[in-house]
Structures are given as structure tokens and as C-alpha cells.
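Asker: build me a model:
(chains A and B)
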Amino acid sequence: MSQKELSVAKLIQIKDIAAYEGQAVRVRGWVYNKTGKGRLQFILLRDGSGQAQCVAFKKEMAPAQFEAVRALTQESSVIIRGTVRADDRAPGFPPGFEIGIQELEILQLAQEYPISPKEHGTEFLMNHRHLWLRSNRQWAILRIRATIIKAMRDWLDEQGFLLVDTPIITPAAGEETTTLFDVDYFGENAFLAQTGQLYNEANIMAFGKVYCFGPTFRAEKSKTRRHLIEFWMLEPEIAFCSLEELMDIEEGMVAYVVAQVLAERAGELAIIERDIDKLKAITPPFARISYDDAVARLQERQRQLDDPAAKAELAIEWGEDFGSPHETALAESFDKPVFVYHYPTAVKAFYMTPVAGRPEVCRSVDLLAPEGYGEIIGGSERIHDEELLAANIDKMGLGREAYQWYLDLRKFGSVPHAGFGIGVERTVAWICGLSHVRETIPYARLLNRKYP
RNA sequence: UCCGUAGUAGCUCAAUUGGCAGAGCGGGCGGCUGUUAACCGCUAGGUUCUUGGUUCAAGUCCAAGCUACGGAGCCA
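Answerer: Numbers count the residues shown, from 1 in each chain, chains lettered A, B, ... in the order given. Sure, this is the predicted structure:
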């Protein structure tokens, strides 16, 4: 191959490498790993779309060029020109193809890179999150995250929902007032949104079926594997919708999301070594059990336990909310997500409709993911009666002024309606089989972490 | 906030009863024509989290603090 041919070699993305077998190409990227054997050097190059092994033989290159390859450091940025060939020995994403290097251009020779292919601790990796994203596993997880978000939105769009954005800076609490982030709004007090739901309820009266998608903020001092201070939530809201219809929607969306991940991210699931048989089982219908039934199941299960510590952890009386051991124990009976509906009114938010003839429970439903991942969705039928809603706002001591516009919705053509919120990070953690949500978001905001 | 565990080289970890501060990886130098977290030889690299205490002697024991990790509560 002549210099001229090389200089006009087509610039490709590594994900497409199989289509260029036998052709001269250029790839741009970063040195993910390097190994070699004297006059033979192997560069594993990643370009964001995939990874390809690039091979340098000393006898096929100018001496200075070969020396440059030999001196490459991990994460150096380069442009490589060479010829694509099939080789079963070649690792990569996709595997089976490699590039025989003919020319190398170094954009920057990287300094000593802190993240080696060997093991590291959580603290070290989180401190280097801005670099950790380049690692295979993190790369795969965040690509799956993107597919999950896209699938959720595609499904809703297909079902006739409209994306309607809700504000981040809000004057009133969506839920409890203890977990709000304060914002100085030109000398007045405002808060970062915990939910877009109240605005969704206004928006459905204009558009029928809507959803919002964005970050939400909760200043909870919680330090668990399933909590973030800043997390992303997708919240559909539907006019003229019952709790049963809401469950149909949740079920359809979750099943679609899992199917899309299986179809489009098989390679990434393989990188993170996810057991995909567990995901293939996620098809409608999902079991639906009442809170009453769930408590009875938990009490029965607790009776069968011998270990006193485990027994104490799983203790529950009717009226109490579930802790994470309860959610895990409940979900263990199912190999799909399970709905738990009609929770006690006292443990749920002020806007949830009481069950007719049984006001101690409300028209609420949580969806618990399998494999111990717990609640990924919370939803309910909203109160559409002005008197009852106003009374609840007073009872919670929330202050009626800030909710005046919300109460207005019940004056001008109020209708039964329902909606839910699905936590993106918890969904990603479940589908990817991760032990902690900190790896499901590019830059996690945790109780004691705001860097990088 | 509470309970538990830990903090030693850039990283992951050893260090016996309180008695000379060590290995692998990564870095540097050299070797090797099919490597897959390559391999072989040489080499540099330390305020043992901080402060105070006990002791002839502290990485090791005691006290307080800081930080992280695991779990609980709360939630999506």
C-alpha cells in the first residue's frame, strides 16, 4: 500500500470494523491496553464506539514508527492507519477483527494513567470517576442506561404520551418537606424539584397523557446501595386512568424496556456478565398483590425463620411501611417484578385517593423488582376532589398558598387520574445486576460525595 | 443519624507475641514475531490517616478525631 492510499484511507468507527475487512482504514481513539513480544506489538484501541486490536510488526513499519508504538502509554490518544483483517485471536468489541498498523500519529502521549487493568477499591474508582467511565464495564453500563431511557420514552411516545417538561426550581414541596434542597431565588426561598408530578397533573388537563423526564433532588441523609441525592426519574401521568390501568401501563413499559435492552445491548450485557435468562423471564403479566396480602405473606415467612436476627429484621405489623428487607423477601417469591397495591394511607403521600369504603388504605401501587432490587416504581390514583385534597394539605401543614394552583386543577373540569414515577438508576441497577446505584449514573451525587 | 469493619508504596494487599517496612500490579531500563490482566531480568518508589498517650521499643496496644466501605431508617 502506498502513502497516498493510506492518507485517503477511510475514517471508520470501530463498531463497524467487520464491514471493512481487507480495506485500508483510519481509526482515532485511545490506547486501552498494550502488550507485545519484542518486534510484535498489540494495541487495544478504543474509540468510544468499540474496541479493536491493532497489531504492529517491526518489519512492516518505519523504525521510528515502530518505536513510537512501543513507547505508547495507556490512554494515549492516537490516529492509526492500517488494514482490517479477520483473526479469531483478536479481542475487541466486536471481536474477531484487527488492524495491521502501517502508520501511527500520536496526538498526546498520556502520563502515567492511574487506573490499571488490575483491581481497585470503590473509593479510588469513585475519586477517578471522570477516568473510570473509560473502563469497559462502566462504558457498557452507561450505554445500557441510554438504551433504557430511550426505550422508556419510545414506548410512551408510541402509546400517545407527550413529553412535557416540568420545572427544576419550584416554590413548593412535592413530598415531604424535610428532604428539600434550598435555592436562593433572588432573596426568596425556592427548592430543587423532588418530582414533576404536580405539574404533570396540570399538564394532563391540557394534553391527556404526558410524561416528564429529568433530574430530581432529595437532601436525604441516606447512605444505601439504592439512594442518590440527585437521580433521574421518568414520570407519566394519565387523565381518566384507574389504578388497574396504571399497572397495565407500568407492566407494558417495563417489559418493553427489558426486551429492548436484550435486543440492542447483548454485547454490553456480556461485558458486565449479566445473567440474561433472568431478564428473558420479564414478560407480562406481573403478579399483583395487595398490601394486606403482602403483610400476611411476610408474617408467614417470618414465622418460618429460625435465626433471631433475621426474624427481627423481617418483623412487620399491618400499617407499617416496608423496609428493604421486606421488599427483598416479598420479591423472592417471584421471578418477575411484582405489584403491591393499596398501601396504608398514613404511610403514603397526601395526594393519593383513599379506597372507597376503606379510607385507611389508598389507591397506590409500587412495583418491586426481582433479585432484591426493591421498589423501582411508585404510583397512585390522585385525589381529584378539591375538598379532600385541601383538607389533606392542611393536615400535612404544607401551607395552602403554595398549592393554590394545584387546587385550581380540581375546580376546572377535575377528572380521575393516575400516574407513577420510575427511578432510572434503580432500573439500570436491576437490569444490569449491579450491587449499587453509584455505577448507574455518570457522576453520582451521594451523601458525602460531590466530586468529580 | 445509628450499628459494624477498615485506613501501610501510584493501586490491591502482607507484616507471627509489641522487636530490621514487604510482595504483586503499575512506572523506568533491557530482552522476546500472536499477545489476551503476556512473560523473563534489573531498577526507582514509604510522614504506616491525624493528634495525643503507654513502652527500652508502636504499622501493631490505649484515647479522641477524620475518611471510606458494608448494613439500618427514609424513598424512586
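
Asker: interface residues of the stretch 351-452 of chain A facing RNA strand B?
Answerer: Contact residues, the stretch 351-452 of chain A versus RNA strand B (Cβ under 7 Å from any atom of the strand): A:374-378, A:421-423, A:425-426, A:435-437, A:446-449. Glycine gets a C-beta too; all of them are placed from N, C-alpha and C.

Asker: and those residues, which of them are in strands?
Answerer: Here DSSP state E is the test, and these give A:G374, A:E375, A:I376, A:I377, A:G378, A:G421, A:I422, A:G423 as lying in strands.

Asker: which residue does the stretch 201-350 of chain A bring closest to RNA strand B?
Answerer: The minimum distance from the stretch 201-350 of chain A to RNA strand B, using Cβ to the nearest atom of the strand, falls at A:G323 (2.0 Å).

Asker: show me the contacts for that residue.
Answerer: By Cβ atoms under 8 Å, 6 or more residues apart in numbering, A:G323 lies in contact with A:E313.

Asker: can you list the domain ranges for chain A.
Answerer: Chain A breaks down into these domains under automatic domain parsing: A:3-108, A:127-439.

Asker: tell me which of these lies nearest to A:S116.
Answerer: The closest of the domains of chain A to A:S116 is domain A:3-108. By Cβ to Cβ, the value is 7.7 Å.

Asker: average pLDDT for that closest one?
Answerer: When pLDDT is averaged along domain A:3-108, the result is 92.

Asker: repeat for stretch A:316-325
Answerer: pLDDT averaged over stretch A:316-325 gives 92.

Asker: and the helices in the stretch 1-150 of chain A, which stretches?
Answerer: Along the stretch 1-150 of chain A, the segments classed as helices by DSSP state H, counting those that start in this stretch run A:3-7, A:63-70, A:122-127, A:129-132, A:136-158.

Asker: out of the ones you listed, deepest packed?
Answerer: Among the helices of the stretch 1-150 of chain A, ranked by average contacts under mean count of other Cβ atoms under 10 Å, first place goes to helix A:136-158 (a mean of 18).

Asker: what helices or strands is whatever helix or strand comes next after that one leaning on?
Answerer: Toward the C-terminus, helix A:136-158 is succeeded by strand A:162-163 as the next helix or strand (DSSP states H and E). Applying 3 or more Cβ pairs under 8 Å, 6 or more residues apart in numbering; DSSP states H and E, one finds that strand A:162-163 contacts helix A:136-158, strand A:209-217.

Asker: picking up where we left off before, for A:R303, which of the helices of the stretch 1-150 of chain A is the nearest?
Answerer: For A:R303, the closest of these is helix A:122-127, at 37.5 Å, according to Cβ to Cβ.

Asker: how about that closest one against RNA strand B, any contact?
Answerer: Yes: contact of helix A:122-127 with RNA strand B (Cβ under 7 Å from any atom of the strand) involves A:T122, A:E123, A:F124, A:M126.

Asker: what does that helix rub up against?
Answerer: Against helix A:122-127 from outside (Cβ under 8 Å, 6+ apart): A:P114, A:I115, A:W132, A:R438, A:A444, A:R449, A:Y451, A:P452.

Asker: restricting to C-alpha, output stretch A:439-452 in PDB.
Answerer: These are the backbone C-alpha positions of stretch A:439-452, laid out as PDB (Å, rounded to 0.1, in the frame of the first residue of the first chain):
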ATOM      1  CA  GLU A 439     -22.300   2.900  38.900                       C
ATOM      2  CA  THR A 440     -25.600   3.600  37.000                       C
ATOM      3  CA  ILE A 441     -25.100   7.300  36.600                       C
ATOM      4  CA  PRO A 442     -22.100   9.000  35.100                       C
ATOM      5  CA  TYR A 443     -21.400  11.300  38.100                       C
ATOM      6  CA  ALA A 444     -23.100  10.100  41.300                       C
ATOM      7  CA  ARG A 445     -24.100  12.600  43.900                       C
ATOM      8  CA  LEU A 446     -24.000  10.700  47.200                       C
ATOM      9  CA  LEU A 447     -24.300  11.700  50.800                       C
ATOM     10  CA  ASN A 448     -20.600  12.500  51.100                       C
ATOM     11  CA  ARG A 449     -19.600  12.900  47.500                       C
ATOM     12  CA  LYS A 450     -20.000  15.700  45.000                       C
ATOM     13  CA  TYR A 451     -16.700  15.200  43.200                       C
ATOM     14  CA  PRO A 452     -15.800  14.800  40.400                       C
END
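
Asker: just list whatever residues bridge to the spatially closest residue to A:E235 that is not a sequence neighbour.
Answerer: Among residues not flanking A:E235 along the chain, A:G421 sits closest, at 4.3 Å (Cβ to Cβ, 6 or more residues apart in numbering). Applying DSSP bridges to A:G421 gives these bridge partners: A:G378.

Asker: kind regards, and thank you for your time.
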